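# Quick one, fold the following:
(4 chains)
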There are 2 protein chains.
Amino acid sequence: MGAQPAKSYPVPSVRRLPLYLRLLRQLNAQGRDAVSCTYIAEDLGLGTVQVRKDLAMTGIVGRPKVGYPVPALIDAIESFLGWDHATVALLVGVGGLGSAILGYEDFKSHGLNIVVAFDVDPMKIGRRVHGKDVLPMEALAERAAQIRALVGIVTVPAAAAQEVTGQLVRAGIRAIWNFSPVNLEVPDSVVVQNVRFVDSLAVLSQRLNQILTPD
Amino acid sequence: MGAQPAKSYPVPSVRRLPLYLRLLRQLNAQGRDAVSCTYIAEDLGLGTVQVRKDLAMTGIVGRPKVGYPVPALIDAIESFLGWDHATVALLVGVGGLGSAILGYEDFKSHGLNIVVAFDVDPMKIGRRVHGKDVLPMEALAERAAQIRALVGIVTVPAAAAQEVTGQLVRAGIRAIWNFSPVNLEVPDSVVVQNVRFVDSLAVLSQRLNQILTPD
DNA sequence: TAGATTGTTAATCGATTAACAATC
DNA sequence: TAGATTGTTAATCGATTAACAATC
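Okay, here's the model as predicted:
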């Protein structure tokens, strides 16, 4: 008895799963029913052992000489990530990035169903963006409960991010996908995943610097 | 003689630099002229040794008992990343995400100057988006040379990403910031940095799954 | 001086890769 | 059967963390 160790998987491996999934869906569409690690590794520029380890994480079992069954592997990855069912999400902050995310059709095939958006701007409230209603912040708590939203997407300016996060947490949201540069404070019962463009830009800049100054 | 080993820095450390920079700029605006690792680590939720190692990478030297001089540390980070001068960038693919990036003012304070955009859509060509001209793809090579663009931002649909990348490489671009899900092929002389939303979503989904199913 | 803080060397931890046994 | 491929255990590599010496 007591709290389970809550088996944790390597983040780098989890991050690679969508890469596999994309390739596998292509292969599936082409009617291929089996694929080997060698093939996947070759195509994605990874090591064969790494691919095997990553895939093993999802519970899939391959067959020597044959490889992995494509449809079963797709199912295994989707089920491991919870992408076999749609998770209800809402978005706060209908600026440029928020609007782009509302219009990004791909999330649907990745387990995320963005149902409604919220903003403080009276010019935006009442409109529909990519088919989704933009409601006032005051409606957040009630609507979130109504639709049983589990994920909150934060695309507000930095100054508003923590305040919005508090509202999301109080509204019963369990995961926050944060596109603002702020380090959000949340209770342990809520998960935060950050997407910070400038972090990625730093790596780009540093590597560009390096190839430009052969010093 | 011979090719230098080209000293490489840990990617995780480089990715953390914008986090430090953001805090330091805040402190600087408040007029603080020195800051300790303890303070930084506390504020960002990191370890003090990690902060020291990361900052040491930029060449900054601190003073025991005092800490680091804030303005000098900002300069050190900016110069390490090449953010002390604007790097000229162009963007290809003026869809939702592309437009959002064109309007994202923050990149200017992170060394990136997005000068012009390109698209294939006749409805978009000739327009201005967030003050930037949208030109036809045919104009890419000439304009890229004219403005001496070093960075190409790829925000086109997956199907077009590799083709566009080829055009960018031929136009003399040295770094590609790729927002498409495709693994781009480029020569060794060109750097690619990927931003893939669904990779981040995978981590979010898996962690959400984990807190929802206490199993 | 005493003590806070930096800088560095050594130990730990976790992910990747290599070696090899198992199996269809 | 032979050989390709999976699955796993051990070795390596790199990043983080701990211990401690240096210094203002």
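# so after the longest helix along chain A, what's the next helix or strand?
Criterion DSSP state H: the longest helix present in chain A is helix A:11-29. Taking DSSP states H and E as the definition, the helix or strand that follows helix A:11-29 towards the C-terminus is strand A:34-35.
# List the contacts of that next one.
Residues outside strand A:34-35 that contact it (C-beta atoms under 8 Å, 6 or more residues apart in numbering or on different chains) are A:24, A:27, A:66, A:67, A:68, A:69, A:70, A:73. Heads up, the C-betas are built off the backbone N, CA and C, glycines and all.
# Now that strand: average pLDDT?
For strand A:34-35, the mean per-residue pLDDT is 96.
# do it and DNA strand C meet at all?
No: residues of strand A:34-35 contacting DNA strand C under C-beta under 7 Å from any atom of the strand: none, with a closest distance of 11.3 Å.
# How far does that strand sit from its chain's centre?
Distance of strand A:34-35 from its chain centroid, counting by C-alpha atoms, centre = their mean, to the nearest Å, is 26 Å.
# Out of the contacts of strand A:34-35, which sit inside helices?
Taking DSSP H as the definition of helices, the contacts of strand A:34-35 contribute A:24, A:27, A:70, A:73.
# State the distance from the second one to residue A:45.
Put plainly, it is residue A:27. 17 Å (C-beta to C-beta, to the nearest Å).
# These two: which is more packed in?
Neighbour tally, residue A:27 and residue A:45, criterion other C-beta atoms under 10 Å in any protein chain shown: the higher count belongs to residue A:27, 20 against 9.
# For the more buried one, list the residues it contacts.
Residue A:27 neighbours (C-beta under 8 Å, 6+ apart): A:35, A:70.
# Now do it against DNA strand D, distance only.
13 Å (C-beta to the nearest atom of the strand, to the nearest Å).
# quick one: that residue from residue A:19, how far?
Residue A:27 sits 13 Å away from residue A:19, taking C-beta to C-beta as the criterion.
# And for residue A:201?
Distance from residue A:201 to residue A:19, counting by C-beta to C-beta: 21 Å.
# same check, this time on residue A:134
Going from residue A:134 to residue A:19 by C-beta to C-beta gives 33 Å.
# again with residue A:126
40 Å.
# Look at those two and report which has more neighbours.
The residue with more neighbours, out of residue A:126 and residue A:19, is residue A:19; 23 against 10, by other C-beta under 10 Å.
# Now do the contacts for the spatially closest residue to that one that is not a sequence neighbour.
Nearest residue to residue A:19, sequence neighbours excluded (C-beta to C-beta, 6 or more residues apart in numbering or on different chains): residue A:44, at 5.9 Å. By C-beta under 8 Å, 6+ apart, the contact set of residue A:44 is A:19, A:20, A:23, A:51, B:183.
# Which two of the ones in helices among the contacts of strand A:34-35 have the greatest separation?
Largest separation among the ones in helices among the contacts of strand A:34-35 by C-beta to C-beta: A:27 and A:73, giving 9.4 Å.
# which one's the longest strand in chain A?
In chain A, assigned by DSSP state E, the strand with the most residues is strand A:112-119.
# residues from chain A in reach of DNA strand C?
So chain A meets DNA strand C at A:10-13, A:46-47, A:49-50, A:53, A:63-66 (C-beta under 7 Å from any atom of the strand).
# That concludes my questions; thank you for your assistance.
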